[in-house]
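Undergrad: Curious how this folds, go ahead:
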Amino acid sequence: MTTLPVSMTAEPGNGTETRNTVAQAVLALTGIALAASDLASGITPTLEHLVCDTAAVGAAYFQASGDQALTYQVRAVSGAMPSTPGMAAIAAHGLPADVPLMRALEASPQAMFFDDCHTASETQGFIDLGVASLAAAPVRRADGKLMGAFLMHTFDQHTWNDSEAALFSMVSGTIAALAGRLAAEEQMRAAQEASLRALGLALEARDGETLGHTDRVTSFAMQMAGRLRFTVAQVQALRWGAYLHDIGKIAIPDAVLLKPGRLTPDEWSVMQSHVMAGTSFAAALEFLPAAALAVIAQHHERWDGAGYPWGMSGSEITLGARIFALCDVYDALTSDRPYKNAWSREEALAEIQAESGKHFDPELVPHFVEMARSLSDLS
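TA: As a prediction, the model looks like this:
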């Protein structure tokens, strides 16, 4: 749990101390949200603090599933959630936008507190979920439209006191604006992600022999990233590099790219130029991280230095590119090509192992072999 200022609980007469503590908490939580790389990590500390410093046993952040929201999806939680079938349905499918609470929040300029969910029309349905008392705060877009909500709850009836109300109102009100920023950044990243994948798939539409290649190698790369405990940023860079790894083939003439047989030495030289072309194209995407560019630029390099285009070797090649080389070659071996039939899994893995220390990083090969076998066993 994130460490924040001391408890909000204050003795009567300590109003100034309480306000100062709330302000310190808001400042700390704001700093966390500003530094967060994704919405969940920016919001969860706020929910943790609410559960720690109020009578709430659980708290959650719900966010609209789109501009014309039909449901509000659970994006972050802390503490205990109801164990009822209704709550399980909400966790899986979202909170319907037409429930009385969400309609009330659409019109409410501030947080709302319900000491007894039996008696408030706005909390209709929450008793059936297992919630006895509830606090809710709206989160709005820049245009004022409801984007989401902070909720905190108890399982037994509870009267929210002034200290709890002050904390919830100030924290949720301040972090709400940052939630909007994080959501906007998340949507931008999703748009970038979709665009990059579309570029990779557009190339497949031209290069018919590799249909499905982009998604397969990206899936392999993500499995490897998980095994190697990559950070969120490392995973994103590897994924984006995988999407665009062959984008330079756009510059390769059809006579070479679509040739059904083996290439002549001159044609092979033309084909190899796709790496430099792809690196140049990708560099124009200013939001692309350097690690993603490295996957595009280096995925045909070899551990022994016999690759192209620069003849890099060993750890000169970035980790992402070394991982991706395994994924790329394995998929090529196990896919049909005009000049060969697909190899079996074990034939391809035997070749991967034979090339350990030559084409591939010898420390990565065992991880890849184990990963490939585990995926095949699940299929």
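Undergrad: any idea how far Ala55 lies from Val77?
TA: According to Cβ to Cβ, to the nearest Å, Ala55 and Val77 sit 17 Å apart. Heads up, the C-betas are built off the backbone N, CA and C, glycines and all.
Undergrad: if you count what's nearby, which of the two comes out ahead?
TA: A direct count of neighbours by other Cβ atoms under 10 Å for Ala55 and Val77 places Val77 higher, at 20 against 16.
Undergrad: which helices and strands does the host helix or strand of that one pack with?
TA: Take DSSP states H and E as the rule and Val77 turns out to sit in strand 71-79. On a contact count with 3 or more Cβ pairs under 8 Å, 6 or more residues apart in numbering; DSSP states H and E, strand 71-79 meets helix 39-53, strand 58-64, helix 85-93, strand 95-96, strand 146-154.
Undergrad: Asp304: which of those is closest?
TA: helix 39-53 (40.4 Å; Cβ to Cβ).
Undergrad: If you count neighbours, what's buried in that closest one?
TA: Buried residues in helix 39-53, counting neighbours by 16 or more other Cβ atoms under 10 Å, are found at 39, 41-53.
Undergrad: if we look at the strand holding Val77, which residues are touching it?
TA: Outside strand 71-79, the residues within contact range by Cβ atoms under 8 Å, 6 or more residues apart in numbering are 39-40, 43-44, 47-48, 50-51, 56-65, 90-91, 93-97, 102, 148-149.
Undergrad: Break this structure down into its domains, please.
TA: Following automatic domain parsing, one gets these domains for the chain: 15-185, 207-378.
Undergrad: Can you tell me how far His49 is from Ala190?
TA: As judged by Cβ to Cβ, His49 and Ala190 stand 28 Å apart.
Undergrad: pLDDT wise, what is Arg229 at?
TA: We have a pLDDT of 93 for Arg229.
Undergrad: Which secondary structure state does it sit in?
TA: Following DSSP: H, G, I helix; E, B strand; the rest coil, Arg229 is assigned to coil.
Undergrad: That one: how many residues sit nearby?
TA: With other Cβ under 10 Å as criterion, Arg229 counts 8.
Undergrad: Phi and psi next, for it.
TA: phi 60, psi 50 (degrees, to the nearest 10).
Undergrad: which regions of the stretch 201-350 of the chain sit below the pLDDT cut-off?
TA: Under the criterion pLDDT under 70, the flagged ranges of the stretch 201-350 of the chain are 202, 205-211, 338-339.
Undergrad: Tell me the buried residues in stretch 253-273?
TA: Val256, Leu257, Glu267, Val270, Met271, Gln272, Ser273.
Undergrad: can you map out the helices along the stretch 151-300 of the chain?
TA: For the stretch 151-300 of the chain, the helices defined by DSSP state H, counting those that start in this stretch cover 162-206, 213-227, 232-244, 254-257, 265-272, 274-283, 290-298.
Undergrad: so what secondary structure elements neighbour the shortest one?
TA: With contacts defined as 3+ Cβ pairs under 8 Å, 6+ apart, helix 254-257 has these neighbours: helix 265-272.
Undergrad: Now tell me what touches the helix it packs on from outside.
TA: Ile252, Pro253, Val256, Leu257, Lys259, Leu263, His300, Tyr308, Pro309.
Undergrad: so which two of these are the farthest from each other?
TA: Lys259 and Pro309, at 20.6 Å, using Cβ to Cβ across these.
Undergrad: mind checking how far Val232 is from Thr214?
TA: 21 Å.
Undergrad: One more: Ser280?
TA: 20 Å.
Undergrad: got it, and Trp268?
TA: Taking Cβ to Cβ, one finds Trp268 at 23 Å from Thr214.
Undergrad: Val369 too?
TA: 23 Å.
Undergrad: the more surrounded of those two?
TA: Applying other Cβ under 10 Å to Val369 and Thr214 shows that Thr214 carries more neighbours, namely 24 against 18.
Undergrad: for the more buried one, what are its contacts?
TA: Per Cβ under 8 Å, 6+ apart, neighbours of Thr214: Arg197, Gly200, Leu201, Leu203, Glu204, Ala242, Tyr243, Asp246.
Undergrad: Chain neighbours aside, what residue packs nearest to Lys358?
TA: What sits nearest to Lys358 in space, not counting adjacent residues and going by Cβ to Cβ, 6 or more residues apart in numbering, is Asp304, at 4.9 Å.
Undergrad: ok, the one you found - how many residues close by?
TA: Asp304, neighbours per other Cβ under 10 Å, totals 14.
Undergrad: Assumed it was part of a strand.
TA: No. The assignment for Asp304 (three-state DSSP) gives coil, which keeps it out of a strand.
Undergrad: Would you agree it is in contact with Ser313?
TA: Yes. Between Asp304 and Ser313 there is a contact under Cβ atoms under 8 Å: 6.2 Å.
Undergrad: Could I get the full set of strands for the stretch 251-379 of the chain?
TA: Taking DSSP state E, counting those that start in this stretch, the stretch 251-379 of the chain contains no strands at all.
Undergrad: sorry, back to before: can you convert the buried residues of helix 39-53 into JSON lines and add a column each for pLDDT?
TA: Listed next are the buried residues of helix 39-53 as JSON lines, based on pLDDT from 0 to 100:
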{"residue": "Leu39", "pLDDT": "67"}
{"residue": "Ser41", "pLDDT": "73"}
{"residue": "Gly42", "pLDDT": "74"}
{"residue": "Ile43", "pLDDT": "80"}
{"residue": "Thr44", "pLDDT": "84"}
{"residue": "Pro45", "pLDDT": "83"}
{"residue": "Thr46", "pLDDT": "82"}
{"residue": "Leu47", "pLDDT": "88"}
{"residue": "Glu48", "pLDDT": "89"}
{"residue": "His49", "pLDDT": "85"}
{"residue": "Leu50", "pLDDT": "87"}
{"residue": "Val51", "pLDDT": "92"}
{"residue": "Cys52", "pLDDT": "89"}
{"residue": "Asp53", "pLDDT": "86"}
